[in-house]
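> Fold the following and give me the result.
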Amino acid sequence: MRGKSLRSLKLPLIMVCAILGASGCSNLPFVEQNRAYSRIFITDFTTAWSSTLESLSTAGIREIAQNRGLGTIKTGYIRNTDARNYFEAFGPEDYYRRARYRLFIHIREGKKSKKRAVVVRIQKEQQVEKSPFSGWETIESNGLDEAIYLYRVGRVIALQTFTDKLDELKSKQFQLEL
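Sure thing, here's the model as predicted:
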């Protein structure tokens with residue numbers, strides 16, 4: 001008798017556990033993903049660091065907090081109200097009273113194919129204000145500015161590498177002439 005009663009309770013018990021388990025999973029909090037864009041450059045850390053700072057300064061960004069030991073650069077807020085309102089006028093987005101963003105840049109050393117390499121990660125925090133009473137609201141970036149900054153860093157690294165090789169060739173040629 002006891003064996004039959006335990007077997008008959010087994011199926012309903014499994015169903016109750018499955019229902020409770022499925023409903024428990026739906027109550028988990030939403031976790032935002034890290035939306036950082038990155039690119040690997042075959043170069044040393046010093047070249048990548050100076051190229052990143054140079055590309056930010058040529059873009060007109062003056063307010064920069066940097067920590068070379070940690071490999072982090074954080075810019076101050078950059079106003080982009082006019083650019084956002086111009087581009088969003090042709091799309092389904094709302095008009096923004098003010099818009100601003102700042103960049104978080106992380107530079108890390110490593111190796112790729114047994115060569116020294118550096119990963120440059122750029123994360124953009126875009127904030128908008130729809131009305132004077134709403135305050136700043138953080139919205140997701142479309143990735144265009146991050147791609148532009150990564151491209152600029154890559155171009156500056158390529159120019160510095162080319163200049164270094166050219167200087168090396170000139171010094172060898174000078175030594176041969178002596």
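
> contacts and neighbour counts: CA atoms only from here.
Fine.

> got the buried residues for stretch 157-173?
Neighbour-count burial for stretch 157-173, counted by 16 or more other Cα atoms under 10 Å, picks out 157-158, 160.

> tell me the mean pLDDT over that stretch?
Stretch 157-173 shows a mean pLDDT of 88.

> now do stretch 15-34
Mean predicted lDDT for stretch 15-34 stands at 56.

> For this protein, which segments count as strands?
In the chain, the segments counted as strands under DSSP state E are 37-41, 64-67, 72-75, 78-79, 98-112, 115-129, 137-139.

> quick one on the thing from earlier: can you add distance to V128 and give the buried residues of stretch 157-173 back as TSV?
Below are the buried residues of stretch 157-173 laid out as TSV (distance: Cα to Cα, whole Å):
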residue	distance to V128
I157	33
A158	35
Q160	37
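
> how far away is S131 from T138?
From S131 over to T138 the distance is 14 Å, taken as Cα to Cα, to the nearest Å.

> Of the strands of the chain, flag the one that's most buried.
Highest mean neighbour count of the strands of the chain: strand 115-129, a mean of 20 (counted as mean count of other Cα atoms under 10 Å).

> what pairs with it, and is each one parallel or antiparallel?
strand 37-41 (antiparallel), strand 98-112 (antiparallel), strand 137-139 (antiparallel) (DSSP bridges).

> Make TSV from these and add distance to R62 and mean pLDDT to it.
Shown next, in TSV, are the strands paired with strand 115-129 (distance: least, Cα to Cα, whole Å; pLDDT from 0 to 100):
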stretch	distance to R62	mean pLDDT
strand 37-41	22	93
strand 98-112	12	92
strand 137-139	23	88
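
> Just send the ones you listed back as CSV, with distance to A65 too.
As requested, these are exported to CSV (distance: least, Cα to Cα, whole Å):
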stretch, distance to A65
strand 37-41, 20
strand 98-112, 10
strand 137-139, 21
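
> Could you export the strands of the chain as CSV, including distance to S171?
Below are those laid out as CSV (distance: least, Cα to Cα, whole Å):
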stretch, distance to S171
strand 37-41, 26
strand 64-67, 34
strand 72-75, 35
strand 78-79, 43
strand 98-112, 29
strand 115-129, 24
strand 137-139, 52
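
> biggest helix in this structure, by residue count?
In the chain, taking DSSP state H as the definition, the longest helix is helix 144-177.

> any idea how far that helix is from the chain center?
Remark: helix 144-177 is offset 25 Å from the chain centroid, using Cα atoms, centre = their mean, to the nearest Å.

> Run the angle between that helix and strand 37-41 for me.
10 degrees (axes from the mean of the first three to the mean of the last three Cα atoms, to 10 degrees).

> for this protein, which residue is closest to the average position?
A36 (2.2 Å; Cα atoms, centre = their mean).

> Leaving out the residues flanking it, which one is nearest to that residue?
Q123 (4.4 Å; Cα to Cα, 6 or more residues apart in numbering).
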